[in-house]
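*Asks:* Sequence and predicted structure below; questions after.
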There are 2 protein chains.
Amino acid sequence: MRISLIGAGNLATRLGLALKAAGHDFVQVYSRTEGSAQTLADLLGAEAVEHAEALHSNASLYICALKDDALPEILKKVQVGNGILVHTAGSLPLDVLKPFAAKTGVFYPLQTFSKEREVDFRTVPIFVESSDKIVSYILKQLAMDLGSEVYEITSEQRLKLHLSAVFACNFVNYLYTVSNDLLAEQHLPFEVLKPLILETAAKVQTHSPAEVQTGPAVRFDRKVMDKHLAQLEKHPAWKALYKELSIGIHQRSKSSKQ
Amino acid sequence: MRISLIGAGNLATRLGLALKAAGHDFVQVYSRTEGSAQTLADLLGAEAVEHAEALHSNASLYICALKDDALPEILKKVQVGNGILVHTAGSLPLDVLKPFAAKTGVFYPLQTFSKEREVDFRTVPIFVESSDKIVSYILKQLAMDLGSEVYEITSEQRLKLHLSAVFACNFVNYLYTVSNDLLAEQHLPFEVLKPLILETAAKVQTHSPAEVQTGPAVRFDRKVMDKHLAQLEKHPAWKALYKELSIGIHQRSKSSKQ
């Protein structure tokens, strides 16, 4: 397909490169950030565009990978003609695209993307939603070109999916940060936690997380927990988190056993 | 060395098997849980013991891998003679062993252990503490026999280390559970989150977690966050967690940028 990219961030970069490798052609790349459009356009053999008005309507697919709040303002300026307009956001309904194109869709790859890290799309599930059967067919085909598992879900399901991903990725990463900061207080390197972090993620690939829950909170071991809480006196926010997460673990583990 | 194990849980099992594979001999295995001692003793070619009083003093090393609160009560009944007595707990000081032996130590492998999953000790850092130089030498040698990185740390450092591990492993696993439960509400399989979970853990192997933090909370994107909070109306505890973790992420990300 002839594709134009609206946005040149982490997701746009990774998705663009993967679609290019799968044989698709890129027409234009737009970004508000000076330089970003050019960098990605060069990689994709496309034209870089710094004003949304300069996107022309000769692509067959427009993939919009912008921040949620920037999307309506920028799409107002874009001419998609008969092209299909899709967004890649977890928490935006399909409907937000209605004012801007007749054929619309959502193409949501569930992964955390960095510009520096390559992503194997064959391991990335893609969630699509479409205004009609033709768009649905095209988006599924696109996901298959990437070698991805593809799922058709509603906007409501996608919102819950995005929320789950915030817990399993963004919040998890913050807990890694807290543990890093606690270690630093004792002049211990974050290095020592890395095998534990990998094994914790590996375990739930084959077991349900509730089933492999360990730690003092499962049996609500007050002696250990009180020692830990005493270590958090200087960090009231982490202390509150420690208590709430421990209560959550204990209650969930009781309910699993029933 | 001639080793007796006090405890036959996940850690005792994994550590016992690894030490056996490294060429050490096992004398006795004690467990309060009927059958557990026998199962592990069979694997180690040792004698199973169901009463702590029946542990005799002809081992050179006693490794105590019991739950924290069970430890003093059981050690009272054990005759270690001239043997070295070590425990494997994150949150217990070395001192707790003083009443029971002249030569004492701590041998704390930082990993989450399951009876069903094999652990490659070469990737498991081991933290030791010792009553004297001889014990220190022996415990470091033991860690090296397993191919592990070994660190000498104080009881205070180990407590903070254990606390960090609770955040990076136990609490992380609970967040996986929450995401699993949220997906189930939309009839979506946990399967779809697995690549994201692995990639999130993989990222911090090469980057500091604060540096790779993503998600709506970093930029405190209220529109997305309000949509997510609205999804959590039925789960007040998770809603509170969502707010606190988001505030934590936002504040940490501001402070990193300063």
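*Replies:* Here it is on my side, so go on.
*Asks:* quick one: contacts for A:Asn180?
*Replies:* Going by Cβ atoms under 8 Å, 6 or more residues apart in numbering or on different chains, A:Asn180 touches A:Phe190, A:Leu193, B:Ser164, B:Ser208, B:Pro209, B:Ala210. For every residue, glycine as well, the C-beta is placed using N, CA and C.
*Asks:* How far does the longest helix along chain A sit from its chain's centre?
*Replies:* Secondary structure of chain A per DSSP state H: the longest helix is helix A:236-257. In terms of Cα atoms, centre = their mean, to the nearest Å, the gap separating the centre of helix A:236-257 from the centre of its chain is 26 Å.
*Asks:* name the helices or strands packed onto that helix?
*Replies:* Applying 3 or more Cβ pairs under 8 Å, 6 or more residues apart in numbering or on different chains; DSSP states H and E, we find helix A:236-257 packed against helix A:172-185, helix A:222-231, helix B:172-185, helix B:236-257.
*Asks:* Next, the buried residues of the third one.
*Replies:* Across helix B:172-185, burial judged by 16 or more other Cβ atoms under 10 Å in any protein chain shown covers B:Val172, B:Asn173, B:Tyr174, B:Leu175, B:Tyr176, B:Thr177, B:Val178, B:Ser179, B:Asn180, B:Asp181, B:Leu182, B:Leu183.
*Asks:* wait, the last one sits on B:Leu193?
*Replies:* Which is B:Leu183. Yes. B:Leu183 lies in contact with B:Leu193 (Cβ atoms under 8 Å); the separation is 6.9 Å.
*Asks:* Identify the contacts common to those two.
*Replies:* With Cβ under 8 Å, 6+ apart, B:Leu183 and B:Leu193 have common neighbours A:Ser164.
*Asks:* What are the contacting residues of stretch A:34-48?
*Replies:* Outside stretch A:34-48, the residues that reach it (Cβ under 8 Å, 6+ apart) are A:4-5, A:8-9, A:12-13, A:16-17, A:20, A:25-31, A:49-50.
*Asks:* quick one: average pLDDT of that stretch?
*Replies:* Across stretch A:34-48, pLDDT averages out at 94.
*Asks:* Going by neighbour count, which residues in it are buried?
*Replies:* Neighbour-count burial for stretch A:34-48 [16+ other Cβ under 10 Å]: A:Ser36, A:Ala37, A:Gln38, A:Thr39, A:Leu40, A:Ala41, A:Leu44, A:Ala46, A:Glu47, A:Ala48.
*Asks:* residues from the stretch 1-150 of chain A in reach of chain B?
*Replies:* A:67-69, A:91, A:110-112, A:114, A:117, A:119, A:123-125, A:127, A:149 (Cβ under 8 Å from any Cβ of the partner chain).
*Asks:* Now a ChimeraX select for only the buried ones of those.
*Replies:* In ChimeraX, this line selects whichever of these come out buried by 16+ other Cβ under 10 Å:
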select /A:67,68,91,110,111,112,114,119,124,125,127,149
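*Asks:* Which residues belonging to stretch A:248-258 are considered buried?
*Replies:* Neighbour-count burial for stretch A:248-258, counted by 16+ other Cβ under 10 Å, picks out A:Gly248, A:Ile249, A:His250, A:Arg252, A:Ser253.
*Asks:* which among those gets closest to chain B?
*Replies:* Using Cβ to the nearest Cβ, A:Ile249 is the member of those that lies nearest chain B, at 4.9 Å.
*Asks:* mind listing what the nearest residue to the closest one once chain neighbours are set aside touches?
*Replies:* Leaving out its chain neighbours, the residue that sits closest to A:Ile249 by Cβ to Cβ, 6 or more residues apart in numbering or on different chains is A:Ala217, at 3.9 Å. Taking Cβ under 8 Å, 6+ apart, we find A:Ala217 in contact with A:Met225, A:Leu245, A:Ser246, A:Ile247, A:Ile249, A:His250, B:Val166, B:Asn170, B:Tyr174.
*Asks:* how about 10 Å then?
*Replies:* A:224-225, A:228, A:242-243, A:245-253, B:166, B:170-171, B:174 (Cβ atoms under 10 Å, 6 or more residues apart in numbering or on different chains).
*Asks:* circling back: looking at the buried residues of stretch A:34-48, which is nearest A:Lys234?
*Replies:* When the buried residues of stretch A:34-48 are compared for distance to A:Lys234 (Cβ to Cβ), A:Ser36 wins out at 40.3 Å.
*Asks:* roughly how far apart are the closest one and chain B?
*Replies:* Distance, A:Ser36 to chain B, using Cβ to the nearest Cβ, to the nearest Å: 17 Å.
*Asks:* ok, now A:Ala18?
*Replies:* Separation of A:Ala18 from chain B (Cβ to the nearest Cβ): 14 Å.
*Asks:* list the buried ones in the one helix or strand that residue maps to?
*Replies:* Using DSSP states H and E, A:Ala18 sits within helix A:10-21. For helix A:10-21, the neighbour count (16+ other Cβ under 10 Å) marks A:Asn10, A:Leu11, A:Ala12, A:Thr13, A:Arg14, A:Leu15, A:Gly16, A:Leu17, A:Ala18, A:Leu19, A:Lys20 as buried.
*Asks:* and if you look at stretch A:198-212?
*Replies:* Applying 16+ other Cβ under 10 Å to stretch A:198-212 flags A:Leu198, A:Glu199, A:Thr200, A:Ala201, A:Ala202, A:Lys203, A:Val204, A:Pro209, A:Ala210, A:Val212 as buried.
*Asks:* Need the helices and strands packed on helix A:236-257 in CSV (columns: mean pLDDT).
*Replies:* Formatted as CSV, those follow (pLDDT from 0 to 100):
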stretch, mean pLDDT
helix A:172-185, 97
helix A:222-231, 95
helix B:172-185, 97
helix B:236-257, 93
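*Asks:* so which of those helices comes closest to B:Asp132?
*Replies:* Among these, helix A:222-231 sits nearest to B:Asp132 (Cβ to Cβ), with 25.6 Å.
*Asks:* Would you mind listing the outside residues contacting the closest one?
*Replies:* A:182, A:185-186, A:215-217, A:221, A:238-239, A:242-243, A:246, A:250, B:67-69, B:89-93, B:156, B:159-160, B:162-164, B:166-167.
*Asks:* Please state the offset of that helix from the chain centre?
*Replies:* For helix A:222-231, the distance to the chain centre is 35 Å (Cα atoms, centre = their mean).
*Asks:* Give the buried residues for that helix.
*Replies:* Of the residues in helix A:222-231, those buried (16+ other Cβ under 10 Å) are A:Val224, A:Met225, A:Lys227, A:His228, A:Leu229, A:Gln231.
*Asks:* Output those in JSON lines, with distance to B:Ser131 appended to each entry.
*Replies:* Listed next are these as JSON lines, based on distance: Cβ to Cβ, whole Å:
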{"residue": "A:Val224", "distance to B:Ser131": "23"}
{"residue": "A:Met225", "distance to B:Ser131": "28"}
{"residue": "A:Lys227", "distance to B:Ser131": "21"}
{"residue": "A:His228", "distance to B:Ser131": "25"}
{"residue": "A:Leu229", "distance to B:Ser131": "29"}
{"residue": "A:Gln231", "distance to B:Ser131": "24"}
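*Asks:* Look up how far chain B lies from A:Ile153.
*Replies:* Relative to chain B, and taking Cβ to the nearest Cβ, A:Ile153 is found at 7 Å.
*Asks:* phi, psi of that residue?
*Replies:* Main-chain dihedrals, A:Ile153, degrees, to the nearest 10: phi -130, psi 160.
*Asks:* I'd assumed B:Gln186 was in contact with it.
*Replies:* Yes. Judged on Cβ atoms under 10 Å, A:Ile153 makes contact with B:Gln186 at a distance of 7.9 Å.
*Asks:* any residues in contact with both of those two?
*Replies:* By Cβ under 10 Å, 6+ apart, the residues touching both A:Ile153 and B:Gln186 are A:Leu159, A:Lys160, A:Leu161.
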